[in-house]
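1. When you get a sec, could you give me coordinates for this:
(one chain, ligands or ions: 1)
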Amino acid sequence: MSIVNAREMLVGATKGHYAVGAFNITNLIQLEGVVEAHVEAKAPLIIQTSVSPVKFLEPDVIVSVYRSIAGKRDIPICLHLDHCTDIDFCKMCADTGWTNVMIDASKQPFEENVRQTREVVEYCHSVGDITVEGELGTVSGVEDQIKVVEDETQLCNPDQVLEFVEATGVDLFAPAIGTAHGVYKTKNPKVDFERLGMIAKLLNGEKVNTPLVVHGGTGLPEDYVKRLIEMGGSKFNVSTDLKRTWINAVYEYISANREEYDPGKLDKHAKNAIKAKVNEWIAMLGSAGKA
Ligand SMILES: [Zn+2]
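-> Predicted coordinates:
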């Protein structure tokens, strides 16, 4: 069964000490590049869409393409809605066919974050086998027009984790641990590995209850990625890296072939660039052969 939610694959990843890549796509060619790389590597996969591309491409079109592509592949593929701050939009995506939804109420006070997250969890669990990701603390940078400046960044408070997870019923938990969206301005971003390890012990010490998500994968040095996996991260979000790869590949091709008017060749070049980038991530995350 290749159309799945995120839970089972991430429980497997947590137990097996590897991580599943969650790749943000904005068009069909990127989607196909990401899927092909994972099929060839026999790796489980999470496809992510931010809210803007969902509005631009239309929700039912995205789900039809996802089902058609994922249904034919023998690796588990989840379709995840990333960083949605609108409860009704989360519900609409759950109704349309997303298999995992992130309600991001992390900018709200704790009680309000719990209330909104719980509402989405109750809805998603009642309409189907749809899993939900919630976030506590805020990840700095810009993701799909949600901007968090560094001074407003708040790391996840471990004392609130159990209460948040129990009160909301979330299936996946994203604690803010110092990783950031966009591109890191320094070679050594300040990431609180111990905080992640502490949270992992709280939630998944005895048995894996709530897999942990690491946001802001782009630009993290390889040894950081490996350490975050060791500490218990099992879903790695990669957005900016793919966007840059896509735009650079398209720009390069057009610059070098300004007189050519064959979109097929351009698409192939860009898709291969995406595949090469995704293969680097699969190697770092250790997900090859785990499907
Ligand atoms: Zn994120």
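2. Would you check that Thr81 makes contact with Asp104?
-> I think there's a mix-up here, since residue 81 is Leu and not Thr. No - applying Cβ atoms under 8 Å as the test, Leu81 and Asp104 come out as separate, 9.9 Å apart. In short, each C-beta sits where N, CA and C put it, glycine included.
3. Relative to Lys91, how far out is Pro59?
-> To Lys91, Pro59 is 12 Å away according to Cβ to Cβ, to the nearest Å.
4. Ser2 now?
-> For Ser2, the distance to Lys91 - Cβ to Cβ - is 25 Å.
5. Tell me what Thr49 is bridged to.
-> The partner list for Thr49 in beta bridges (DSSP bridges) reads Leu81.
6. from memory it sits against Cys78, does it?
-> No - if you go by Cβ under 8 Å, Thr49 and Cys78 don't touch, sitting 11.6 Å apart.
7. can you count the residues close to Leu155?
-> Residue neighbour count, defined by other Cβ atoms under 10 Å, stands at 16 for Leu155.
8. and it, that one's in a helix?
-> No - per DSSP: H, G, I helix; E, B strand; the rest coil, Leu155 lies outside any helix segment and is coil.
9. Which strand residues bridge the residue of the stretch 51-200 of the chain found nearest the ion?
-> Relative to the ion, the nearest point of the stretch 51-200 of the chain is Glu143 (4.8 Å; Cβ to the ion). Per DSSP bridges, the residues bridged to Glu143 are Ile146.
10. and this protein, which residues reach the ion?
-> With Cβ under 5 Å from the ion as the criterion, the chain meets the ion at residues Glu143, His215, Asn237.
11. neighbours of the residue in the stretch 101-250 of the chain positioned nearest to the ion, just the number please.
-> The ion sits closest to His215 of the stretch 101-250 of the chain, with a gap of 3.3 Å, by Cβ to the ion. The local packing of His215 (other Cβ under 10 Å) involves 30 other residues.
12. you'd agree it is up against His181?
-> Yes - contact criterion Cβ under 8 Å: His215 and His181 qualify, at 6.7 Å.
13. What segments of the stretch 51-200 of the chain are helices?
-> For the stretch 51-200 of the chain, the helices defined by DSSP state H, counting those that start in this stretch cover 51-57, 59-71, 87-96, 110-127, 158-168, 193-204.
14. Now tell me what touches the first one from outside.
-> To tie it back to what came earlier, the one meant is helix 51-57. If you take Cβ atoms under 8 Å, 6 or more residues apart in numbering as the criterion, helix 51-57 is touched by 25-27, 62, 81-84, 86, 89, 93, 144-145.
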